[in-house]
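> 3D, please:
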Amino acid sequence: MRHWFKDAHFRSLLKNSGYLAASKAVAAVAGIATLAIAGRGLGVELFGMLILITSYAKAASGLSKFQSWQLIVRYGGQALVTGEHEEFKASTGFAFALDVLSGLGGMLVAVMLLPFIGRWFGIDDRFLWLAMLYCTLLPTMGAATPIGVLRALDRFDLISWQGSGYPIVRAVLSAIAFALDGGFEAYVAIWFVTELGGDLYMWFLAWRELRRRGMLEGIRPTLRPETLPGAWRFAIHVNLTSSLVTAWGPVARLVVGGLLGATGAGLFRVASSLTDSAAKPADLLSKAFYPEVVRMDLKTKKPWNLMLRGTAMAAFASILSVLIILVVGKPLISLLFGKEFIGAYPIILVLIIAPLLAIISFPLPSMLYALDRPDAPLTARLIGTILFFVTVAPLSWSFGVIGAALAFVIGNAATVIVLVFQLFREYRRVRA
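Residues are numbered from 1 along each chain as shown. The predicted structure follows:
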């Protein structure tokens, strides 16, 4: 194992993952604390309503955004290795234009549809105006250009600062609202202000880094990336894949709310917040892995060895997290959220399978993107999403929130199986 650390790419993966891990650890603690404070301050039903309102905006953002950071890393990251700043600037301008288009378009559609479909997802008519106001965050919420710029420039430390800052502020403000016996509107306002502040701070960090390196000049928004071959094809595939990924987070919570009410959505969110923490090691490695592998020659053994080593690291950390959650999950829920949320523990016992699947799957989409196969993750996600939506209603009606969790795991498992098959086929092709 010692020889792993002689690999410069593996050391870089560890360094960048370390920055993100520090940030995510702080964010995870602050995030769970915030949810616990809100849960105790609002009760199960109003807490579930808060989750539905924020999930609706996140779902709209996920369905409309282009994951433009991947464009910058895909085209700009490769160009920076060879010192070609113009291609980096072109990819940044294209990504920015896509963010503006998808953010404004997504906001308008989300606001216009909400009065007609809000009830489907369990959003009470009394709070429609709050949900519509929250949707005005979409232009900044869905913008990924600054993240792409900082990842391509290897400034994961700045991303780490941003990622830990706003969850702490949200937790502090939530504690103040709890102490002052703040109402439902106060908690929605806290979510709104901290979300907006975090997004704007990320834009500032990217702008400052570009200015420091003298790379601001020449970045122009455009929807005609003539110097980036296949950019629109790549963007569309990534957008569609991102839209399907949204089914596993905010859309899943909305579906649970529509099928089982705000209380069900609240319990599902509490359970998923704890099981998601076990998947963080794989999630962190995936974000640092793609910028590394895209710079490598996939016809050699190095990227494949890097993938296996990253998977081994993720397995160790994730399995340890799973065991901790299984042992302390029930008393932790009671301590943090209160006894009325204890029904989230049986849901955890089902959802805990998802982090184990994430161990296997975290490097697979990045490898396929690097192999210029953006259609492959899209196909896998499509199959898993269809299976989730086919099974979630009958399983929820039969087993309640536990059934929704089971449908979630079935869909994830199908996605991973298809991804493994696709990457194995590509491996045989490039290594033949």
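> Please look at residue 151 and residue 157 and confirm they touch.
No. Counting by CB atoms under 8 Å, residue 151 stays clear of residue 157, with 11.5 Å between them. All C-beta atoms are positioned from the backbone trio N, CA, C, and that covers glycine.
> Neighbour count for these two, which is higher?
residue 151 (24 against 15; other CB atoms under 10 Å).
> helices or strands up against the host helix or strand of that one?
In the assignment (DSSP states H and E), residue 151 maps to helix 145-152. The contact analysis (3 or more CB pairs under 8 Å, 6 or more residues apart in numbering; DSSP states H and E) places helix 145-152 against helix 69-71, helix 85-117, helix 156-179, helix 184-212, helix 250-293.
> Pull out the buried residues from the fourth one.
Residues of helix 184-212 classed as buried under the neighbour-count rule (16 or more other CB atoms under 10 Å) are 184, 186-192, 194-195, 198-199, 201-203, 205-206, 209-210.
> and residue 214, which of the three is it?
Three-state assignment for residue 214 (DSSP: H, G, I helix; E, B strand; the rest coil): coil.
> What confidence value was assigned to residue 41?
On the pLDDT scale, residue 41 is placed at 91.
> Spatially nearest residue to it (excluding sequence neighbours)?
Spatial nearest neighbour of residue 41, excluding adjacent residues (CB to CB, 6 or more residues apart in numbering): residue 178 at 4.4 Å.
> okay, now the one you found: neighbour count?
17.
> Let me see the contact set for it.
Residues near residue 178 by CB atoms under 8 Å, 6 or more residues apart in numbering: 37-38, 40-41.
> residue contacts, residue 262?
44-46, 48-49, 51-52, 122, 124.
> And the residue nearest to residue 41, how far from residue 61?
Computed as CB to CB, to the nearest Å, the residue 178 to residue 61 distance reads 27 Å.
> likewise residue 137?
8 Å.
> If you count surrounding residues, which of those two has more?
Each of residue 137 and residue 61 has its neighbours counted (other CB under 10 Å); residue 61 has more, 25 against 21.
> Let me know the secondary structure of the more buried one.
Of the three states, residue 61 takes helix under three-state DSSP.
> again with the one 5 residues further on
Reducing the assignment at residue 66 to three states with three-state DSSP gives coil.
> Please shift the residue numbers so they start at 547 in all later answers.
In the new numbering, first residue 547, that becomes residue 612.
> how close does it get to residue 652?
10 Å.
> out of those two, which sits in the busier spot?
Ranked by neighbour count (other CB under 10 Å), residue 612 and residue 652 place residue 612 first, with 27 against 22.
> low pLDDT regions in the stretch 747-896 of the chain?
792-794, 826-828, 830, 833 (pLDDT under 70).
> one more time with 80
Low-confidence segments of the stretch 747-896 of the chain, defined by pLDDT under 80: 784-795, 822-844, 849, 851-853, 855-867.
> The stretch 547-696 of the chain too?
Using pLDDT under 80, the stretch 547-696 of the chain drops low at 547-575, 612-613, 623-631, 688-689.
> Would you map the strands across the stretch 797-946 of the chain?
Along the stretch 797-946 of the chain, no segments are classed as strands by DSSP state E, counting those that start in this stretch.
> could you dump the helix holding residue 697 to CSV, C-alpha only?
This file holds the C-alpha atoms of helix 691-698, laid out as CSV (Å, rounded to 0.1, in the frame of the first residue of the first chain):
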residue,chain,number,x,y,z
THR,A,691,-19.6,27.9,-13.1
PRO,A,692,-17.7,29.1,-10.0
ILE,A,693,-17.3,25.5,-8.7
GLY,A,694,-16.0,24.5,-12.1
VAL,A,695,-13.5,27.3,-12.2
LEU,A,696,-12.1,26.6,-8.8
ARG,A,697,-11.9,22.8,-9.5
ALA,A,698,-10.1,23.3,-12.8
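> now the angle from it to helix 631-663?
140 degrees (axes from the mean of the first three to the mean of the last three CA atoms, to 10 degrees).
> ok, residues contacting helix 691-698?
Contacts for helix 691-698 (CB under 8 Å, 6+ apart): 614-619, 622-623, 626, 634, 637-638, 641-642, 645, 702, 704-705, 748-749, 751-753, 755-756, 833, 837.
> Check the contact between residue 650 and residue 682; I expect there is one.
No. Counting by CB under 8 Å, residue 650 sits too far from residue 682 to count as a contact (10.5 Å).
> just to revisit the earlier point, max pairwise distance over the contacts of residue 724: which two?
584 and 586 (7.5 Å; CB to CB).
> For these two, indicate the residue with more neighbours.
A side-by-side neighbour count of residue 584 and residue 586, using other CB under 10 Å, places residue 584 first with 26 against 15.
> What's the separation between the more buried one and residue 970?
44 Å.
> what's the neighbour count on residue 967?
12.
> Can you tell me the element it falls in?
Counting by DSSP H and E, residue 967 is part of helix 947-976.
> what comes up buried for that helix?
For helix 947-976, by 16+ other CB under 10 Å, it's 947-965, 968-969, 972.
> just stretch 765-782 next, same as before
So, applying 16+ other CB under 10 Å, buried residues of stretch 765-782: 765, 771, 774, 777, 780-781.
> Would you format those residues as CSV with secondary structure included?
Formatted as CSV, the buried residues of stretch 765-782 follow (three-state DSSP):
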residue, secondary structure
765, coil
771, coil
774, coil
777, helix
780, helix
781, helix
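> possible to save those residues as TSV with distance to residue 808?
Shown next, in TSV, are the buried residues of stretch 765-782 (distance: CB to CB, whole Å):
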residue	distance to residue 808
765	44
771	43
774	45
777	42
780	39
781	36
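> Show me which of these is closest to residue 869.
Once CB to CB is applied, the member of the buried residues of stretch 765-782 that ends up nearest residue 869 is residue 780, at 39.2 Å.
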